Each structure stands twice: as C-alpha cells, then as structure tokens.
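Colleague: Fold the following and give me the result.
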Amino acid sequence: MKSVHPGLLLSFKAACQQSSHTITTPTKRKPASDCDEVEDAEIQSRQATLEEAFQPKSAKKRLLPLKHVDSPAFIKLMRCVSPEHKVMCRQTLSKRLQARYLEAKEKLVAHLMTLKAVCTTADCWSARGKSYVGVTCHWIDPKKLKRISVCLAIRRIFGRHTYDLLGKTLESINMEFGIDDITVLTLTDSGSNFLKAFRLFGAHGTETQLETDEEEDDDAVVGTDLEFLLLDYDDADDRYKLPWHCKCVAHLLNLLARKDAEKALETPAFKLASDSALTKLQSLFNKQSRSDQQSEKVKELLGVLFVIPNATRWNAWYDAICHVKKIAEGKNGRKNLKSVCEALKVTPLNSTDYQFISEYVEVMKPIAIGLDLLQGEHNVSSGNVLPSIVVIRNSLNSLKRNHLEGANQLLVALTLVDALLAGLEKRFGNLFNVEHFQLAAVLHPQFKFNWLGNSEKDLKLRKK
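Modeller: Numbers count the residues shown, from 1 in each chain. The predicted structure is shown next:
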C-alpha cells in the first residue's frame, strides 16, 4: 500500500483504527429445542430420501438381487456416506416390492376395465430347468392415439408344455386382469402346442389368419392329456375360453429363413457350396468363443473379433456372415482371414466360399431388413405386414429376373431364391385374403395403395 498507493495510506490507517473500536453484536441463537427439531426434521427428510432411493423401483431398474441391501460391503458403504441413516433390510424391501406390485396391478386392472378392446401376446419358454408363460397386453390410448404396452404376467408352469396347460394358464391370466371379454386377438409363435390350444379353445367364426397345414417349432413340446381325449370334441370347445389367434409374422420370417431355405440344399451345387462355407465359418466362430488365446489371436490379426451368432435366431447368424463379408472386402481382408484360418487351424476360405457368402448376404438381405422392421417395438403395426411381404417378394423376383437377363448372375444362390419364393407363398399367401390386414395396410398413411401391383388380384383388391 505504501509503495503503490502512498496517497491512500493515511485513509487506510484511519479506517483500520475505526473498525478496531467497532463492537459487533452477536447474532441471536435459536433455542436448543428449536435446533433439535430442525435437525430431526432434516434427518427424517434425508432418511425418507434414502429409503426412496432404494425403493423396489430402483432395484428393479438395475436388476439387482434383493439380498444386495444385506451385503456387508453395501452396508459399510452407506455408513460412510450417511452414518446417521438406516438402510432397509431384504425382508422390508421384499414386502415393499410386493406392496408396489399389488398397487400397480390394481391401477392396471382399473384402467383395463375402461377399455373396449385390447390384444395380447403370449410365449412359453424354459430357463435353468424351469418353465414359464409370459403375457403382454397392448391397446391404443383413445386420447393420445398412442399404443400402450404392459407386461401382464410371467407365470411359472409345471410339467410338459401341453396345449391344455397353455389354454388353462392363458385363460386364468385373462380372467385375473378382467380382459377375457375385451381381448380381440392373441399373438403367439408357431409352436404346435399354441396352435392346438387355440384351435380347440379359441374363438370361432374366423380361422387363424396364418394357419397352414404344417405346424412347426423346434422348441415346441407337445403332450397328450388322456382325460381330455375322453371328452367329446364339442365339449372340448367349452373347456377353456380363448380369443382369436394369429401367428407372429416375425417368427414366420425366421422359419422362412431357416426352414424353407433348407429346401435349396436339395440342389447338389448349392449344398456343396453351402456346406463348405458355413462349416468353415462355424469352425472359426467355435474356436473364438471357446478359447481366450485364440480369441486374442483373431483380434491381433483382424483388428476385430468375429460376431458370434445366436443359436435360436436366424438374423444373428445373418449378421455374423455379413460381418465376415465386410472383413473380406476390407483392405487385405482375404489375406488376413487366411492368416486367421491358419492360426486357428481351420481350412482357409476359398473363392467359391467367398462367392457363396456374397450371394447369400445379397439374397437374404430383404428378409433380414423386413425382420428387423416387423420385430421392432415402436412405429410398427399390422399395417406394415402386407407391404413388407410385398417388398421381400419383389426383391427376390428382381434378383431372379436380373439373373435370367444376365444383369447380375447368381452362380450358386439361384436355387435359394426359388426356395424362399415358394416359402413366402406357403406361409403368407393366405394372409393377403384377410380383410383385417388389407384394411390396416390401405389405411396406413405411409402405404395406402402404393404396395399393390398391377396383377389381376391386386386390381380386384383396389376395387374392393
């Protein structure tokens, strides 16, 4: 101050002396009882916030086991974070979870009673030696005109997945939620147990929209109820009450790509090319998935790992083949793949194998795109079904036409195109005669009549 502001030095000293003689009045403290009440209120508020943070909703979102709150590490962590608070135990959390479930169920049932129509989906599966049936419910919000979806139930079932057990379980769930009289349709896969349940117990007056003579599902387990066989067939219709039934279109496309495509193997040239390429790819996938050392070797040589396909979903296998095709088309792709095959002791892919992979991806691409669209969760409705099938059929016909005209020769996969076209007609041909799907497609603002061609059948549908 003296060197920088010498003119203000006297004023600064005077201000300091004046402030030293100033007596500050202490602030009046609240009575001890008032402080205790404030602190208690704050603690209770923070305790409530802490309990809310560990409500069942939070545990459900994180998929944590209920015993997580009893683990010593978790309790120690919370004591460090807030030692004056108490974390609820597993028993308390379980009781509150059950209370939340009953509360949510009551609200859902009350809301469902206000609706005029809903549709449901059902599925049956096994996991870790236990069997389950899951049912979801869907409807259109009359105010927002938005589709609402909820999970109604996931029930444990015992014994074989027989058609009568499925019929009994589905009926009990529908009655429990009060939707047995307003459910217009139930969607399932093509398992023969589901098909038989709805054929015997489903609503009559219309046939199952996608019914064919062939009932197939690799995972289906069909049993026989001897007591049921003693009943008259007419009495069987009244044993359980189920709504109308429809097969899942996405599941049918999976069957088209898996089952119907196998008809192409009847051609020796295609079978030879398919067995050679797919066997080598499967060997590469197995080597990578079963050994960490070989997985690291693949990463080192390719820079990426192979996409390992799922055993139950065809589109996962398609994605794995697409990934191999992408690697092969990259810089030094085939050379690097050969190095991987040699390192993993797998017979290297040859030019015929790469030709098969390229044509397979090209032919199956329309089905993969349609499958991704139809199994989407949002912005998909029954109005997308017929236009999607038409696009797939037109794409396959275009590939066949280009081959015949010499524009794009298919050296090995032409028989695959024929097999897929035959499968489309078998599985979806009758669907074009179902009025519900016709109206849904025509009334869809994205499609209207644009998906219809100039064939005699399409012209009749336009006039209709």
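Colleague: count of residues packed around residue 297?
Modeller: Neighbours of residue 297 under the rule other C-beta atoms under 10 Å: 17. Bear in mind the C-beta positions are built from the backbone N, C-alpha and C, glycine included.
Colleague: number of nearby residues for the closest residue in space to it that isn't next to it in sequence?
Modeller: Nearest residue to residue 297, sequence neighbours excluded (C-beta to C-beta, 6 or more residues apart in numbering): residue 343, at 5.1 Å. The burial count assigned to residue 343 is 14, neighbours taken as other C-beta under 10 Å.
Colleague: Contacts only, for residue 343.
Modeller: Applying C-beta atoms under 8 Å, 6 or more residues apart in numbering to residue 343 gives the contacts 294, 297, 301.
Colleague: just residue 422 next, same as before
Modeller: Contacts of residue 422 by C-beta under 8 Å, 6+ apart are 260, 263.
Colleague: in this protein, which helix or strand is least confident?
Modeller: helix 226-229 (a mean of 44; mean pLDDT, DSSP states H and E).
Colleague: returning to that earlier point: mind listing which of the contacts of residue 343 are in helices?
Modeller: In helices, judged by DSSP state H, the following of these are found: 294, 297, 301.
Colleague: Confirm for me that the last one is in contact with residue 336.
Modeller: Yes: here residue 301 reaches residue 336: they are 5.7 Å apart, a contact under C-beta atoms under 8 Å.
Colleague: Show me the strands in the protein, by range?
Modeller: 118-127, 130-140, 147-157, 183-188, 245-247 (DSSP state E).
Colleague: most tightly surrounded among these?
Modeller: Among the strands of the chain, ranked by average contacts under mean count of other C-beta atoms under 10 Å, first place goes to strand 245-247 (a mean of 23).
Colleague: helices and strands around that strand, which ones?
Modeller: strand 183-188, helix 192-201 (3 or more C-beta pairs under 8 Å, 6 or more residues apart in numbering; DSSP states H and E).
Colleague: Which of those sits closest to residue 287?
Modeller: helix 192-201 (36.5 Å; C-beta to C-beta).
Colleague: Quick one: distance of the closest one to the chain centre.
Modeller: Distance of helix 192-201 from the chain centroid (C-alpha atoms, centre = their mean, to the nearest Å) equals 24 Å.
Colleague: related to what we said a few turns ago, now the strands of the chain as TSV including mean pLDDT and distance to residue 12?
Modeller: Shown next, in TSV, are the strands of the chain (pLDDT from 0 to 100; distance: least, C-beta to C-beta, whole Å):
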stretch	mean pLDDT	distance to residue 12
strand 118-127	91	81
strand 130-140	93	78
strand 147-157	91	73
strand 183-188	91	86
strand 245-247	89	90
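Colleague: Out of the helices and strands packed on strand 245-247, which gets nearest to residue 396?
Modeller: Of all the helices and strands packed on strand 245-247, strand 183-188 comes closest under C-beta to C-beta, at 25.7 Å.
Colleague: would you put the C-alpha positions of the closest one in CSV?
Modeller: Only the C-alpha atoms of strand 183-188 are listed here, as CSV (Å, rounded to 0.1, in the frame of the first residue of the first chain):
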residue,chain,number,x,y,z
THR,A,183,-59.3,-59.3,-25.9
VAL,A,184,-59.8,-59.4,-29.7
LEU,A,185,-56.6,-61.3,-30.6
THR,A,186,-53.7,-63.2,-29.1
LEU,A,187,-50.4,-63.4,-30.9
THR,A,188,-48.0,-66.3,-30.4
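Colleague: what's that strand in contact with?
Modeller: Among residues not part of strand 183-188, those counted as contacts by C-beta under 8 Å, 6+ apart are 117-123, 170, 174, 194, 198, 242-248.
Colleague: Name every strand pairing with it and say which way it goes.
Modeller: strand 118-127 (parallel), strand 245-247 (parallel) (DSSP bridges).
Colleague: Which of those strands sits closest to residue 377?
Modeller: strand 118-127 (11.9 Å).
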